[in-house]
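Asks: what's the 3D shape of this:
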Amino acid sequence: GLVGSEMCIRDRYNTPAMNTDATHPQPEWTRWISWIPWALALTGLGYLVGLTLWLGITGLFFPYQLDYGEGTMLHFVQELSKGHGIYRTPGGYPHITANYAPLTLILGLILTPVFGMTYTAGRVWTLLAIASIAYLLVAWVRREGGPWLPALAAGLLFVGAPYIYHWAPLYRVDLIGLALTLGGLYAVYLASQPANPRGGSPTEEPGLKKGYLWLAAILFVAALYAKQTFFFAPAAALIYLFFFVARRHAIKMGAIMAVLGGGLFLLINILTGGGFWYGLVVSNVNPFLWPAFWAQQASFFGTFAILCLLAVWYVVDKFGLERATPFREKVSILDIYLPVALASVLLAGKAGAWENYFYEALAVLALCAGLGLARLGRHGRLPYQVAAPLLVLAQVALMWYT
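Replies: Numbering: from 1, shown residues only. Okay, the predicted model is just below:
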């Protein structure tokens, strides 16, 4: 089924407008010319990814906190290990409450028998999350019919970003939640792929793989219980299912999430006497700082300008230049998630927000950039083939750090 679906996707793009190799054959030497900038781009990406891995791995063995939030995270893991409650209303001593959902704390607690009551028990999960996100980006581009180089570039651009470098050695909730929410999004993407792409009537309802929808709902709820701001991906998934697939599937997945996530929330809130609501919602109502908001927007879009450009090219090429397929059939869940994830950066003006509030936007831009690079390569002509690695190299230059 996966092979058949990929063949169907590849056939869809092998139109005269997209595949110009047959009508405009290129000499063999032109391929070698495009390999030179690709080699330079991958070398630069390898250096940046190496820095991220170096800091993340050496951070596992550093015994003290590397960020102000790590100490609080480990404190609550220790409280859980003693059977103490961590969600409290401001009614009395001790005057501290957890302001994140419990999943990441529980994950750290699971590994304390192996690593002890140390930051390593939580930092391991961050590295696993980064690896999972990179895998999802590469797999998604490949699943869309993209070659290995654009797919690999998408994953490496994310891992090598300075925003990820700063967070790689930390026991924090953000990258763990991002891995879960992207996993849910990818599950919806797989669920919406044709079950029998070579057969069936064109009027039949898409053969959704219902198991993937259950998996997506569970992963989305898990992401929300890692960090409560990861609601953008499930919102995009519900919009996509409701308007472009089948409304009953959207309603069904929404109901599953409401029962799993909402039921668990009500249970914990009752058991904590309202402390869960206070910790997750009331204590997170921070002032909005416009100067910080604009400074962070400028930093993000300046650092990742080429990713933005490639994402724009992906949209233009897919919806503007590729005209053989009806608009409704072109739309995928990624096309809904792109503007929704970019909207998540509006939260970055909240006091205390930093680079971690741009992670969903960074992930979707890296993914769309990989697909944009693949689409450049499909045009076949030498300028397009050389432009792809040169753009990656330019993005490496913008992200460069030592």
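Asks: what ranges does the stretch 151-300 of the chain have for its helices?
Replies: For the stretch 151-300 of the chain, the helices defined by DSSP state H, counting those that start in this stretch cover 162-165, 174-191, 210-224, 232-240, 247-257, 263-271, 275-280, 290-303.
Asks: how about the fourth one: buried residues?
Replies: Think helix 232-240. Residues of helix 232-240 classed as buried by neighbour count (16 or more other CB atoms under 10 Å): 232-234, 236-238, 240. Where C-beta positions appear, they are placed from N, C-alpha and C, glycine not excepted.
Asks: now these as JSON lines including pLDDT and distance to A154?
Replies: As requested, the buried residues of helix 232-240 are arranged in JSON lines below (pLDDT from 0 to 100; distance: CB to CB, whole Å):
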{"residue": "F232", "pLDDT": "98", "distance to A154": "19"}
{"residue": "A233", "pLDDT": "98", "distance to A154": "17"}
{"residue": "P234", "pLDDT": "98", "distance to A154": "22"}
{"residue": "A236", "pLDDT": "98", "distance to A154": "19"}
{"residue": "A237", "pLDDT": "97", "distance to A154": "20"}
{"residue": "L238", "pLDDT": "97", "distance to A154": "25"}
{"residue": "Y240", "pLDDT": "97", "distance to A154": "21"}
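Asks: which one of these is nearest G177?
Replies: Lowest distance from G177 to the buried residues of helix 232-240 (CB to CB) belongs to A233, with 10.0 Å.
Asks: might one say that the closest one is in contact with Y337?
Replies: Yes. Between A233 and Y337 there is a contact at 6.3 Å, judged by CB atoms under 8 Å.
Asks: which neighbours do those two share?
Replies: Shared contacts of A233 and Y337 (CB atoms under 8 Å, 6 or more residues apart in numbering): L185.
Asks: longest helix anywhere in this protein?
Replies: Secondary structure of the chain per DSSP state H: the longest helix is helix 28-59.
Asks: quick one: which two of the buried residues of helix 232-240 are the most distant?
Replies: The span of the buried residues of helix 232-240, defined through CB to CB, is set by F232 and Y240 at 12.5 Å.
Asks: common neighbours of the two, please.
Replies: Taking CB under 8 Å, 6+ apart as the criterion, F232 and Y240 both touch Y337.
Asks: coming back round to it: okay, the buried residues of helix 232-240 in a markdown table with distance to L271 next?
Replies: Converted to a markdown table, these look like this (distance: CB to CB, whole Å):
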| residue | distance to L271 |
| --- | --- |
| F232 | 29 |
| A233 | 28 |
| P234 | 25 |
| A236 | 32 |
| A237 | 30 |
| L238 | 29 |
| Y240 | 35 |
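Asks: and which of those is nearest F358?
Replies: Taking CB to CB as the measure, F358 sits nearest to F232 out of the buried residues of helix 232-240, at 12.2 Å.
Asks: I'd like to know how far the closest one sits from V364.
Replies: Counting by CB to CB, to the nearest Å, the gap from F232 to V364 is 9 Å.
Asks: intersection of neighbour lists for those two?
Replies: Counting by CB under 8 Å, 6+ apart, the shared contacts of F232 and V364 are 337, 341.
Asks: hang on, the earlier thing: looking at the buried residues of helix 232-240, spot the one nearest H84.
Replies: Closest approach to H84 among the buried residues of helix 232-240 (CB to CB): P234, at 31.4 Å.
Asks: doesn't G184 make contact with that closest one?
Replies: Yes. Using CB under 8 Å, P234 is in contact with G184, at 6.7 Å.
Asks: list the contacts of stretch 275-293.
Replies: Where contact means CB under 8 Å, 6+ apart, the residues beyond stretch 275-293 that reach it are 85-90, 97-101, 228, 265, 268-269, 348-353.
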